[in-house]
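**Student:** Need a 3D model of the sequence below.
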Amino acid sequence: MSKSAIDALAIDLDRLESDIEAVNGIGRVAGQPGINRVSFSDADMAGRRWLMGRMEEAGLEARMDAVGNVFGRWNCGSGPVVMAGSHLDTVPQGGPLDGTLGVCAALEAVRAMKGAGIAPARPVEVVCTADEEGRFGGMLGSQAICGEVGPDWIARAVDDSGLRLAEAMRMQGLDPEAAVARDASDIAVFLELHIEQGPVLARAGVPIGIVDAISGVFNWTVTLTGEANHSGTTPMDGRRDAFRGLADFGAAIPAILAHVGGPDTRLTVGKVALDPNFPHSIAGAAVFSVIGRDVDEAVMRDLAGACRAEILEAADRNGLGSDIAEQSWLPPTRLHDEVAGRLIEIARRSGLEARMMASGAGHDVQTFAHHCPAGLIFVPSIGGISHAPAEWTDWADIERGANVLTRAIAAFAT
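**Tutor:** Coordinates of the predicted model:
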């Protein structure tokens, strides 16, 4: 297939818009904002069944594996597949495009190629991964496909409420003991289209981002233990106030970043619980998350060391005990240079300005990148908002990104 024929490929935006609106009708809850397709909920599974129906309508062989990954295969040509997709599960009260765009655009790309009469030299698969949002930790779907997790890991995984992943899967008719890993040699390339989830492209007025690196992330749960007491009778100099230790650490974040951080460093306290959580009581315990990110693992190590030192100092100053539970450490991921280069070329041949950039958020592509060539395309997010009901991208930008994805799938498949 010639470059000019690939450059002429175009998606049907009305059809893509219809798909996105249809699947987002699943997971809307009366009285709650946003989309609620939390992994392994009834809404999540309904979304996957909806997708399988749309895949079959497009002439693809649709199946769901034992952990909930959905595949739609265009059986053409021979050899390893070109795989493209993302996820449909959401955070609670999430946005309408995170993951959803990548799945629906990959399906639309196949329909556009079929409509143009293209006969690929190798098979093409659309994939919708399970639990990308990490309700049970990690990125279950892509990690299971790539053989990074299996039944033993699933048996240990629990969510914040204590629900076991294996139980959640069985409730939806899935099999936590089955092996679903694919041979890495069966995947020629994995491609993902995603909203940026940040403000960089929108601020620069650039329609396409091609990701060359994804930040690593460490995830801690910190517990500071003091003494609960009456807020009116306990003198200020006699308190062991766990909240004050938390506040001291929070106030130190700018200094930590100035000392060891870089332009791609992110440090967040995102979840906090005080006990007792009552206006007239001094907090005897503070439990909070610490999430650190950077594209350089050496910076991550320095960041973690500085955080640990500051937590211990805050505890000592306030007479508190401390415990740091290191939940996970995911190193940064470099994406495939040649794939990124081809994506930049395809975007520019399409008349679109494109820039190389890092991703501060994790995506399925980083799992696949450890096992096969992989590439990630970004489109701008209005206001940089994501994981929230106000998440949105202009339809014109969606069309541009979906066309780049379609032309990339065609280029790699032919």
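**Student:** Okay, buried residues for the lowest-mean-pLDDT helix or strand in the chain please.
**Tutor:** Ranked by mean pLDDT, DSSP states H and E, the weakest helix or strand in the chain is helix 3-7, scoring a mean of 82. By 16 or more other CB atoms under 10 Å, the buried positions in helix 3-7 come out as 6-7. Heads up, the C-betas are built off the backbone N, CA and C, glycines and all.
**Student:** helices or strands up against it?
**Tutor:** helix 337-349, helix 395-413 (3 or more CB pairs under 8 Å, 6 or more residues apart in numbering; DSSP states H and E).
**Student:** One more pass at 7 Å, please.
**Tutor:** When contacts are defined as 3 or more CB pairs under 7 Å, 6 or more residues apart in numbering; DSSP states H and E, helix 3-7 packs onto helix 395-413.
**Student:** now the angle between helix 337-349 and the helix it packs on, please.
**Tutor:** Inter-element angle recorded for helix 395-413 and helix 337-349: 130 degrees (by axes from the mean of the first three to the mean of the last three CA atoms, to 10 degrees).
**Student:** going forward can the numbers begin at 14, since that is how I track them
**Tutor:** All right, first residue 14 from here; so that's helix 408-426.
**Student:** Contacts for helix 408-426 next, please.
**Tutor:** With contacts defined as CB atoms under 7 Å, 6 or more residues apart in numbering, helix 408-426 is touched by 14, 19-20, 22-24, 26, 29-30, 95, 97, 114, 118-119, 121-122, 125-126, 131, 133-135, 137, 201-202, 204, 206, 220-221, 355-356, 359-360, 363, 365, 390, 392-393.
**Student:** hey, what's the closest residue to C385 other than its chain neighbours bridged with?
**Tutor:** Among residues not flanking C385 along the chain, I200 sits closest, at 4.4 Å (CB to CB, 6 or more residues apart in numbering). Beta-bridge pairing for I200 (DSSP bridges): V94.
**Student:** What about I200, how many residues nearby?
**Tutor:** Applying other CB atoms under 10 Å, we find 21 other residues in the vicinity of I200.
**Student:** Surely it is in contact with P93?
**Tutor:** Yes: using CB atoms under 7 Å, I200 makes contact with P93 at a distance of 5.7 Å.
**Student:** phi, psi of the residue most central in space within the chain?
**Tutor:** By CA atoms, centre = their mean, the mean C-alpha position of the chain lies nearest to H376, the distance being 3.9 Å. When read as degrees, to the nearest 10, the backbone of H376 gives phi -140, psi 160.
**Student:** ok, it touching F391?
**Tutor:** No: H376 is beyond contact range of F391, at 9.8 Å (criterion: CB under 7 Å).
**Student:** dump the residue contacts of the residue nearest to C385.
**Tutor:** 93-94, 96, 385.
**Student:** from those, which is closest to I227?
**Tutor:** C385 (15.3 Å; CB to CB).
**Student:** For the longest helix belonging to the chain, name the packing helices and strands.
**Tutor:** Looking across the chain with DSSP state H, the single longest helix is helix 310-330. Under the contact definition 3+ CB pairs under 7 Å, 6+ apart, helix 310-330 sits against strand 229-238, helix 255-273, strand 298-307, strand 334-343.
**Student:** Beyond the last one, next helix or strand please.
**Tutor:** Beyond strand 334-343 on the C-terminal side, the first helix or strand identified by DSSP states H and E is strand 346-347.
**Student:** Any idea what the residue lying closest to G112 once chain neighbours are set aside is bridged to?
**Tutor:** Once flanking residues are discounted, G112 sits nearest to H100: 3.9 Å by CB to CB, 6+ apart. Beta-bridge partners recorded for H100 (DSSP bridges): T142.
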